[in-house]
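[1] sequence? don't have it. structure:
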């Protein structure tokens, strides 16, 4: 079995400077649905497409809990965020959000609440 080769180049600086746009840019340069790089010095694999979604949500392949580094947990997502949950805890939290997005009236209500929150927040930005 041949192990995948990871480039020495680390994409952390590019991610920090370009944000999440760096990954689609990386895919545009790739020849397939998988790209390899490094983030914070660790080998990282990026996937896209329907097969990647099925792979990512198959709990036999992915464990979320240890995947995010501490600085990301403490600043961006937070401890206990859905990004860190596995098993039943993940499925329950996911169902909570998905069930809301499957009902048009719930989506409309969410849009109205978010719009009102933005309208309330914007004057304070000046």
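    Yep, it's here. The shown structure was predicted, so the numbers you read here are calculated from the model rather than taken from an experiment. Numbering: from 1, shown residues only.
[2] so how far is whichever strand or helix holds residue 98 off the chain centroid?
    Taking DSSP states H and E as the criterion, residue 98 maps to helix 87-101. Centre-to-centre, helix 87-101 and its host chain are 16 Å apart (Cα atoms, centre = their mean, to the nearest Å).
[3] now stretch 111-125
    Distance, stretch centre to chain centre, for stretch 111-125: 25 Å (Cα atoms, centre = their mean).
[4] next, count neighbours for residue 35.
    The number of residues packed near residue 35 is 19, by other Cβ atoms under 10 Å. Glycine gets a C-beta too; all of them are placed from N, C-alpha and C.
[5] what kind of secondary structure is residue 58 in?
    coil (DSSP: H, G, I helix; E, B strand; the rest coil).
[6] contacts for the helix or strand hosting residue 115?
    Following DSSP H and E, one finds residue 115 within helix 104-125. Contacts of helix 104-125 from elsewhere in the structure, counted by Cβ atoms under 8 Å, 6 or more residues apart in numbering, are 99-101.
[7] so which bits of the helix holding residue 98 are buried?
    In terms of neighbour count (16 or more other Cβ atoms under 10 Å), helix 87-101 has its buried residues at residue 90.
[8] what packs against that helix?
    helix 104-125 (3 or more Cβ pairs under 8 Å, 6 or more residues apart in numbering; DSSP states H and E).
[9] report the angle between the helix it packs on and helix 87-101.
    Counting by axes from the mean of the first three to the mean of the last three Cα atoms, to 10 degrees, helix 104-125 points 90 degrees away from the direction of helix 87-101.
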